[in-house]
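[1] Dropping a prediction and its sequence here:
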Amino acid sequence: MIYPIVKYGQPVLEKKAVEISEFGTTELLKLVEDMFESMYAAKGVGLAAPQIGVGKRIAVIDISSGEDPAQKLVLINPEIIGTEGAQTGEEGCLSLPTFREPVTRAQKVTIRANKADGEVYEVTGEDLLARAFQHETDHLNGTLYISHISPLKRDLIRRKIRKLQKANEWS
Ligand code: NI
């Protein structure tokens with residue numbers, strides 16, 4: 001099932017999501033599958049559950065955009081356990097469509113997370129994957145990438161969004 005993507009302005013995007021404690025359930029497996037489907041439909045490389053209105057600590061990532069099944073990652077209750085270096089690059093978010101801004105992030109990131117069956121695993125990513133790890137764990141803590149840009153740029157984006165909301169072009 002493809003869920004609509006929740007856009008900036010909805011409270012669920014700015015709340016800390018809740019830990020998952022029950023693994024391997026039909027419900028959880030279905031939710032993860034739906035998240036991949038929704039992410040691909042929206043042409044994203046990462047999606048956090050709050051972005052489909054579900055306040056749970058689940059994110060999916062596929063930086064190959066569906067080209068390589070080996071690159072599909074399910075991050076449940078993810079935690080960043082190591083970072084190295086820095087990178088600056090353009091970042092966007094499905095919840096803030098059409099906007100992109102340069103954001104400085106760690107260049108290399110190691111994550112510890114559960115898989116959908118509960119298995120704990122660790123994975124290290126660099127560049128775009130490291131960026132996705134940081135962007136998606138931020139989402140689960142109620143933080144959007146615009147928190148990492150200058151207040152001036154953030155206000156400009158907010159003003160543009162308010163205009164779009166008034167014109168009913170942002171919902
Ligand atoms: Ni995002």
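    Good, I have the coordinates.

[2] pLDDT weak spots in the protein?
    Scanning the chain for pLDDT under 70 picks out nothing.

[3] And the helices in it?
    26-41, 127-140, 151-166 (DSSP state H).

[4] which stretches of the chain form strands?
    Using DSSP state E, the strands of the chain run over residues 46-48, 58-61, 73-84, 87-91, 101-105, 108-114, 120-126.

[5] of all those strands, which lies closest to Ser147?
    strand 101-105 (9.5 Å; C-beta to C-beta). Every C-beta, even on glycine, is put in place using the N, C-alpha and C of the backbone.

[6] List the buried residues of the closest one.
    Under the neighbour-count criterion of 16 or more other C-beta atoms under 10 Å, strand 101-105 has Glu101, Val103, Arg105 buried.

[7] that older thread, Throw the strands of the chain into CSV and include distance to Ile2, thanks.
    Shown next, in CSV, are the strands of the chain (distance: least, C-beta to C-beta, whole Å):
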stretch, distance to Ile2
strand 46-48, 11
strand 58-61, 13
strand 73-84, 18
strand 87-91, 24
strand 101-105, 27
strand 108-114, 24
strand 120-126, 26
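
[8] closest to Gln134 out of the ones you listed?
    When the strands of the chain are compared by C-beta to C-beta, strand 101-105 sits nearest Gln134, at 4.9 Å.

[9] quick one: strands adjacent to that closest one?
    Note on strand 101-105: by DSSP bridges, its sheet partners are strand 87-91 (antiparallel).

[10] Other residues contacting the strand it pairs with?
    100-107, 127, 130-131, 135, 145 (C-beta atoms under 8 Å, 6 or more residues apart in numbering).

[11] Just the terminal-to-terminal distance for stretch 4-17.
    End-to-end distance of stretch 4-17 (C-alpha to C-alpha, to the nearest Å): 19 Å.

[12] in it, what's buried?
    Of the residues in stretch 4-17, Ile5, Val6, Lys7, Tyr8, Gly9, Val12, Leu13, Ala17 count as buried by neighbour count, 16+ other C-beta under 10 Å.

[13] now do stretch 126-145
    129-140, 142-145.

[14] Apart from its neighbours in sequence, what residue is nearest the spatially most central residue of the chain?
    By C-alpha atoms, centre = their mean, the chain has its centre lying nearest to Glu136, at 3.2 Å. Distances taken as C-beta to C-beta, 6 or more residues apart in numbering place Ala59 nearest to Glu136, at 3.8 Å, with adjacent residues excluded.

[15] Pull the number of nearby residues for that neighbour.
    Under the neighbour criterion other C-beta atoms under 10 Å, Ala59 is assigned a count of 31.

[16] for Gly118, same thing?
    14.

[17] between the strands of the chain, which one is nearest to Arg159?
    Arg159 sits nearest to strand 101-105 of all the strands of the chain, at 14.4 Å, using C-beta to C-beta.
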